[in-house]
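Q: After the sequence you'll find the predicted model.
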Amino acid sequence: MTYWPLLVVGVVAGVLAGMFGIGGGLVIVPALILILKVRELEAIGTSLAALIPPVGLLGAIAYYRSGYVNLKYAGLIAVGLFAGAWFGARIMMPLPPHVIRRIYGLFLAVMAARMLMMGK
């Protein structure tokens with residue numbers, strides 16, 4: 001297998017993470033499933049593992065240096081993420097792949113609609 005598609009996915013996800021605070025769920029997971037034919041749960045787990053060091057560290061440092069990080073909020077969110085990621089994984093693991101795809105697609109559609117409907 002050639003590894004360049006993984007690097008491209010990483011770069012695209014990194015740019016979007018730096019721009020919008022997204023990357024894993026919106027870029028890496030679908031890319032792994034659709035382009036690299038990785039199973040759904042493996043894509044989710046791989047995305048979580050890949051995001052921890054580069055996005056969490058370098059992106060946060062860049063924003064922190066510019067005064068755009070609320071450490072209190074970030075700490076509280078991190079506590080929630082710590083527990084929430086475990087619970088989310090436990091919820092998804094027993095589900096069949098087609099159900100995971102539908103849940104994920106519905107989540108993206110709802111979020112897209114909400115973002116498009118927001119005013120100024």
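A: Ah, there it is.

Q: rest of the way, CA atoms for contacts and neighbours
A: Will do.

Q: What is the neighbour count of L32?
A: Applying other CA atoms under 10 Å, we find 21 residues neighbouring L32.

Q: hang on, I meant A13
A: Using other CA under 10 Å as the criterion, A13 is surrounded by 24 other residues.

Q: can you pull out the helices in the chain?
A: Listed in chain order, the helices of the chain (DSSP state H) span 4-20, 29-34, 40-53, 60-65, 71-92, 97-117.

Q: a markdown table for the ones you listed, including mean pLDDT?
A: Shown next, in a markdown table, are the helices of the chain (pLDDT from 0 to 100):
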| stretch | mean pLDDT |
| --- | --- |
| helix 4-20 | 79 |
| helix 29-34 | 86 |
| helix 40-53 | 81 |
| helix 60-65 | 86 |
| helix 71-92 | 82 |
| helix 97-117 | 88 |
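
Q: Give me whichever of these is most buried.
A: The highest mean neighbour count among those belongs to helix 29-34 (a mean of 20), with neighbours defined as mean count of other CA atoms under 10 Å.

Q: So which other helices or strands are in contact with that one?
A: Helix 29-34 sits against helix 40-53, with contacts defined as 3 or more CA pairs under 8 Å, 6 or more residues apart in numbering; DSSP states H and E.

Q: so what secondary structure elements neighbour the helix it packs on?
A: In terms of contacts (3+ CA pairs under 8 Å, 6+ apart), helix 40-53 is packed against helix 29-34, helix 97-117.
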